[in-house]
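Peer 1: sequence plus predicted model, see below.
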Amino acid sequence: MNAETVLITGGAGFIGSALAIRLAAEGMRVRLLDSLSPQIHGVDAAQAPRVVEAAAIADLQVGSVTSREQLERAIDGVDVIVHLAAETGTGQSMYQIARYAEVNVGGTAQLLDVLTAGNHRVRKVVVASSRAIYGEGQYIDQTGRTVYPGYRSAEQLAEGRFELFDPSDHTRTLRSVPTGETSRLDPSSIYGVTKLTQEQLVLTAAPALGIAGVALRYQNVYGPGQSLRNPYTGILSIFSTLIRQGAEINVFEDGLESRDFVFIDDVVTATRSAILEDSANGLAINVGSGVATSVLDVIAELGRTFGIAAQTRVSGNYRVGDIRHNVADLTLARRVLGFEPVVSFRDGIDQFVKWARGESLETSGYETSLEELRARSLLK
């Protein structure tokens, strides 16, 4: 690997710090730009373990992607930018719209605006997109025809009819299938809208500036090092904390809603390939495990690994903006990145729980986050 310099925005975060450690170990020079958000790292963010670990092997600059001055300083002497900096969380995005737009959209626009000045040597920008841009993603009906269902109506959800139904026959459910990159893009949350805009900004502006652009549509990333205190993202973190506390888990809908959980090491491998492989240039690429796992299965695996019977209550509650199912089609990732996820969900949970056991048990603020949603009629 050439000794290039890589800037990772949001680089002290979960994905960024893991990527920084891998790249530095392989001989790359790594610079991080991170705002050290207390929501993610805690009040004393500079002393958070992942921040300390990342700072030990990289040049850590504390700053925001919304600041032109800080971005100009950060990109000096940089060859590749991995743009991870973003506000995350589907639920929170629905009532902090201006903040999500400012950081996710405004920050990406500011980064690209700085690159238009031309006083740099950046050859590639890899931007973190999200499975959230698909909304419900791809389904098939009883005849095998591809269907892209719209949002589930408030009336349907209130009746406890959580699956997606055939628009031509409301008695028949649709079957979720892996969603490919050419599927319809139909985000159902403000977060999803901002991630789609980030992706489009980079894939449109970068080539016009003579820079390669790549968008990676991450699925639900998990593993050792993820924030256990941020109540707005990562159900594994939330559920593991509740299990360790002996607290009840409020299972939304019927618990059969599913997601594609992809282990952090696999995500780092895919992102590294996107940096190096020219065949990825100009593309938006799914990064996931290709396997759907239900919420109830997540809880069962966590309980098994902790050796604690999880207390659960299937409440039928639902959040505005949530989707029912989504799993990635990895055909393109395999072809252009040579990507093949290697960590199974069970093995990944084992590694996650082993790490989580050694972390202090803190209040996650989860109940407070639910109250914020209820107060705005976003949780039913």
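Peer 2: Thanks, I have the structure now.
Peer 1: which residues touch residue 115?
Peer 2: Applying CB atoms under 8 Å, 6 or more residues apart in numbering to residue 115 gives the contacts 75, 122, 125, 205, 206, 209, 211. Bear in mind the C-beta positions are built from the backbone N, C-alpha and C, glycine included.
Peer 1: look at the fourth one and say how many residues are nearby.
Peer 2: This means residue 205. A total of 19 residues lie near residue 205 under the criterion other CB atoms under 10 Å.
Peer 1: lowest-confidence helix or strand of this structure?
Peer 2: Across the helices and strands of the chain, mean pLDDT, DSSP states H and E gives its lowest value to helix 38-41, namely a mean of 74.
Peer 1: now do the next helix or strand after it: everything it contacts.
Peer 2: On the C-terminal side of helix 38-41, the nearest following helix or strand under DSSP states H and E is helix 49-57. Contacts to helix 49-57, defined as CB under 8 Å, 6+ apart, come from residues 11-14, 16-17, 20-21, 24-25, 30, 32, 34, 36, 41, 45-46, 60, 225.
Peer 1: quick one: buried residues of the top helix by length along the chain?
Peer 2: Longest helix of the chain, by residue count under DSSP state H: helix 190-208. For helix 190-208, a neighbour-count test (16 or more other CB atoms under 10 Å) marks 190-203, 205-206 as buried.
Peer 1: swap in stretch 233-247?
Peer 2: Neighbour counts over stretch 233-247 (16+ other CB under 10 Å) mark 233, 234, 235, 236, 237, 238, 239, 240, 241, 242, 243, 244 as buried.
Peer 1: pLDDT weak spots in the protein?
Peer 2: For the chain, the stretches with pLDDT under 70 are 1-2, 42-43, 45, 362-364.
Peer 1: one step back: now do the longest helix of the chain: distance to the chain's middle.
Peer 2: Put simply, helix 190-208 sits 15 Å off its chain's centre (CA atoms, centre = their mean, to the nearest Å).
Peer 1: next one: stretch 236-252
Peer 2: Put simply, stretch 236-252 sits 20 Å off its chain's centre (CA atoms, centre = their mean).
Peer 1: ends of it, how far apart?
Peer 2: Taking CA to CA, to the nearest Å, stretch 236-252 runs 14 Å from one end to the other.
Peer 1: ok, of the contacts of residue 115, which one's closest to residue 283?
Peer 2: residue 206 (11.8 Å; CB to CB).
Peer 1: what secondary structure does the nearest residue to that closest one once chain neighbours are set aside sit in?
Peer 2: Spatially, and ignoring its direct neighbours in sequence, residue 206 is nearest to residue 213 (3.2 Å; CB to CB, 6 or more residues apart in numbering). Three-state assignment for residue 213 (DSSP: H, G, I helix; E, B strand; the rest coil): strand.
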